[in-house]
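**Student:** Turn this into a model:
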Amino acid sequence: MTHPAPRGRHDRSQRTADRQTGAGAPMRPRTARKRPRRKLPMRYLLPFMLLVALLALLMLRGYVHSEILADHRVRPPAPAGQVPDEVLDGGPVIDARSAEVKTLSIPDHRVVLTFDDGPDPVWTPRVLDKLKEYDAHGVFFVTGTMAARHPDLVRRMVEDGHEIGLHTFNHPDLSYQSTSRIDRELSQNQLALAGAAGVRTSLFRPPYSSLSDAMDNKSWPVTEYIGSRGYLTVVNNTDSEDWKRPGVAAIVERATPKNGKGAVVLMHDSGGDRSQTVAALDTLLPDLQEKGYTFTRLTTALDAPSAHTPVTGSALWKGKAFVSAVSVSERITSVLVVGLAAIGVLVLARFGLMLPLSFLHARKVRRKDFSWGEPFTRPVSVLVPAYNERACVGATVRSLAVSEHPIEIIVIDDGSTDGTADLVEAMRLPGVRVVRQQNAGKPAALNNGIRQARYDIVVMMDGDTVFEPATVRELVQPFGDPRVGAVAGNAKVGNRDSLIGAWQHIEYVMGFNLDRRMYDLLGCMPTIPGAVGAFRRDALERVGGMSEDTLAEDTDVTMALHRDGWRVVYAENARAWTEAPESVQQLWSQRYRWSYGTMQAIWKHRRSVIERGPSGRFGRVGLPFVSLFMVVAPLLAPLIDVFLLYGLVFGPTGKTVAAWFGVLVVQAVCAAYAFRLDKERMVHLISLPLQQILYRQLMYVVLLQSWITALTGGRLRWQKLRRTGVVEAPGGVSAQRRGTEAVPERRPVG
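**Tutor:** Numbers count the residues shown, from 1 in each chain. Prediction:
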């Protein structure tokens, strides 16, 4: 077998040969170009970090409340053949720290009061008050979960001169646990104690322990192991049985030592109602003191060094960090509960307003004698802003060409690079004009179209939307009322045959159109949809046209019209069919722009809150509604699902599931009513539960990202969504892609 030459030697000889022969010249090594590292944008990183932090805090809370990784098994008594007689017949303090096991007893007329399972925020302070009143001391065997949640009480125990002992972190029966779990219970209990009071302790009491003669073959190995870790195991020889709540007199009798002997008395300051324990102390302490007993710490009774050792350095800071994290987890849950209550109030308030107001709106506009005024028959201008809309602009223009109302059609090509303008011109439809401009954005295209329009009513639509023949006629009828400055149409999802399309269909019918009925009656319609809306030309000119200040120019101009004193109303029969995003990425991009633009519009018009007249009315009625129902409510809505998951993992499962389904039922009732008003088929509501689980989370992340973008000063540009041109008005034929490529058949909408 041959061995390769050493790397360095081969390289040097080869380079020498290359220089002599000229060989290898073309292979001259080039400096590798480093690719720039792609940094994760803050608007993505922050939501992810917040989600991870929230989940970690919820898991920590579940852990310290013994809702996760808790073991509540209790082993029945076992034989005691392996337990040394010294232990079975000895005192209540077991020292197994060396090979020679020994037990210790409390001297006569000395009582060591011990309290298990605390600290408790209700009963521990009362116990401490009684001990202080009678100048008595004792030992508190605390669990790590309670000590971490109530560190102030642990500090008070130490400051009042009491001794602290460990009672494990989660209170499991250690005879069922592995040595690694035992170590974890001890170390985490010490960690909580260090963070709360800055001390360690050498005293330990096993959960579910009693007298030393109750030690058996299952608990004794645990005691030996605990001793090998440097702890004194403390059981008791006088059990008050206060946990049974037998009455104050019975507790006092059972806790009183016999014949003047010393005792370790077992009591509890947590784990339930301890009022009898507190009352018993009020009798036990003075009675025994009159008989010559002293109530002291364990190490004082045994004339031994203190069980406490100060904690310093990194161990102290780790403890403080842990206790602080527990405190935050407790508070974050409280905050989430408040948020859940807020979203509950918002959901009920919204539906409580939507249902009756939508009913009143439908009843009003559907009366036979209802009229906006004189029938509006004058011609109107229809503006179609288009940027790279070749796939669908043909269907859009064809749908307008068969309009039942006299119109002129102006297609404003905003610098398209796919031949959108050429396609429209090649159609040679009467009444259609194409206006070309350099790419400047949708607001600029609309303003250009307004300047080109011949008539005083301007209808605006998107380049991916199709109208029914009656849409324009229905849309402009409210202008028979001279107070109406703008009209919102009924936008519908045309491509609803996919799951994500069906979800958006539910959202459009329920979340948009039902809302618009409510806002119409309240006089604070927040948005004229870009897909189907109409404006008075002079109203637009008075507010400065379509503004480029925000990414939601439709919301911005609608708010401006309200502030200028115009009525904005909803025309339910002015139906338009729009192509909704067909992928999560496209939907994300669209809703991100909408939510961010809505926030911009709210901020832009914030001064209306303190103004007078129509502007002040909108600011004090419309802006709060928009802020609460379009920003705050969707941002808090996922808390419903967060608590569903929390309840499924930590409990109470039944109540949590019932509450979640209660909210779903309310949503379903409103959705069904909205579908009935719009004469839509109920079959699409089958996907409502899944929409509530998945779609709500997507909208939450989009809103959170919008908030972060706004708070970090980020700027969001217009994002062009990919369109397929599959949407036609009911009864239309499938549109064609660019050239001769056919679009796959889809079932007709409607």
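
**Student:** distance of the residue nearest to residue 694 when sequence neighbours are not counted from residue 306?
**Tutor:** Leaving aside its sequence neighbours, residue 694 sits nearest to residue 503 (C-beta to C-beta, 6 or more residues apart in numbering; 8.0 Å). Using the backbone N, CA and C atoms, a C-beta is placed for each residue, glycine as well. From residue 503 across to residue 306, the span is 66 Å (C-beta to C-beta, to the nearest Å).

**Student:** okay, these two: which has more neighbours?
**Tutor:** Neighbour tally, residue 503 and residue 306, criterion other C-beta atoms under 10 Å: the higher count belongs to residue 503, 23 against 13.

**Student:** Check which helices and strands whichever strand or helix holds that one sits against.
**Tutor:** Taking DSSP states H and E as the criterion, residue 503 maps to helix 499-506. Secondary-structure packing of helix 499-506 (3 or more C-beta pairs under 8 Å, 6 or more residues apart in numbering; DSSP states H and E): strand 484-493, helix 584-604, helix 688-690.

**Student:** Show residues contacting the last one.
**Tutor:** It stands for helix 688-690. Helix 688-690 has contacts (C-beta atoms under 8 Å, 6 or more residues apart in numbering) with 499, 503, 506, 664, 667-668, 671.

**Student:** Go again with 6 Å.
**Tutor:** Defining contact as C-beta atoms under 6 Å, 6 or more residues apart in numbering, one finds that helix 688-690 is touched by 668, 671.

**Student:** For residue 568, give me its contacts.
**Tutor:** 486, 525, 558, 561.

**Student:** hmm, which of the residues you listed are the buried ones?
**Tutor:** 486, 525, 558, 561 (16 or more other C-beta atoms under 10 Å).

**Student:** Next one: the second one relative to residue 447, how far apart?
**Tutor:** Distance of residue 525 to residue 447, computed by C-beta to C-beta: 22 Å.

**Student:** returning to what we had before: could you identify which of the helices and strands packed on helix 499-506 is most buried?
**Tutor:** strand 484-493 (a mean of 26; mean count of other C-beta atoms under 10 Å).

**Student:** The helix holding residue 503: which residues count as buried?
**Tutor:** 500-506.

**Student:** Including distance to residue 128 and pLDDT, could these go into JSON lines?
**Tutor:** Output for the buried residues of helix 499-506, formatted as JSON lines (distance: C-beta to C-beta, whole Å; pLDDT from 0 to 100):
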{"residue": "500", "distance to residue 128": "60", "pLDDT": "84"}
{"residue": "501", "distance to residue 128": "64", "pLDDT": "84"}
{"residue": "502", "distance to residue 128": "62", "pLDDT": "86"}
{"residue": "503", "distance to residue 128": "57", "pLDDT": "85"}
{"residue": "504", "distance to residue 128": "60", "pLDDT": "86"}
{"residue": "505", "distance to residue 128": "63", "pLDDT": "88"}
{"residue": "506", "distance to residue 128": "58", "pLDDT": "87"}
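
**Student:** Take those residues and write them to TSV, including distance to residue 182.
**Tutor:** Output for the buried residues of helix 499-506, formatted as TSV (distance: C-beta to C-beta, whole Å):
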residue	distance to residue 182
500	52
501	57
502	54
503	51
504	55
505	58
506	54
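
**Student:** Now the two most distant members of those residues.
**Tutor:** 500 and 506 (11.0 Å; C-beta to C-beta).

**Student:** Can you pull the phi and psi angles for the residue lying closest to residue 289 once chain neighbours are set aside?
**Tutor:** Excluding its sequence neighbours, the residue lying closest to residue 289 (C-beta to C-beta, 6+ apart) is residue 134, at 6.7 Å. Dihedral angles of residue 134 (phi, psi; degrees, to the nearest 10) stand at phi -110, psi 20.

**Student:** residues near residue 134, how many?
**Tutor:** For residue 134, using other C-beta under 10 Å, the count is 14.

**Student:** quick one: pLDDT of it?
**Tutor:** You'll see residue 134 listed with a pLDDT of 96.

**Student:** which residue ranges form the strands in the stretch 151-300 of the chain?
**Tutor:** Remark: strands assigned in the stretch 151-300 of the chain by DSSP state E, counting those that start in this stretch are 163-166, 199-201, 203-204, 232-234, 238-239, 263-268, 294-295.

**Student:** chain center to the fourth one: distance?
**Tutor:** The one in question is strand 232-234. In terms of C-alpha atoms, centre = their mean, to the nearest Å, the centre of strand 232-234 is found 45 Å from the chain centre.

**Student:** Please name every helix or strand in contact with that strand.
**Tutor:** strand 93-95, strand 203-204 (3 or more C-beta pairs under 6 Å, 6 or more residues apart in numbering; DSSP states H and E).

**Student:** Look at residue 360 and tell me its secondary structure.
**Tutor:** helix (DSSP: H, G, I helix; E, B strand; the rest coil).

**Student:** just residue 520 next, same as before
**Tutor:** Residue 520 ends up helix, using three-state DSSP.

**Student:** dump the residue contacts of it.
**Tutor:** Contacts of residue 520 by C-beta under 6 Å, 6+ apart are 361, 569-570.

**Student:** Recalculate using a threshold of 10 Å.
**Tutor:** 357-358, 360-361, 364-365, 488, 567-572 (C-beta atoms under 10 Å, 6 or more residues apart in numbering).

**Student:** farthest pair in the contacts of residue 568?
**Tutor:** Comparing every pair within the contacts of residue 568 by C-beta to C-beta identifies 525 and 561 as the most remote, at 9.1 Å.

**Student:** got the angle between the longest strand anywhere in the chain and helix 499-506?
**Tutor:** Of all segments of type strand in the chain, defined using DSSP state E, the longest is strand 567-578. For strand 567-578 against helix 499-506, the angle by axes from the mean of the first three to the mean of the last three C-alpha atoms, to 10 degrees is 160 degrees.

**Student:** Alright, that wraps it up for me.
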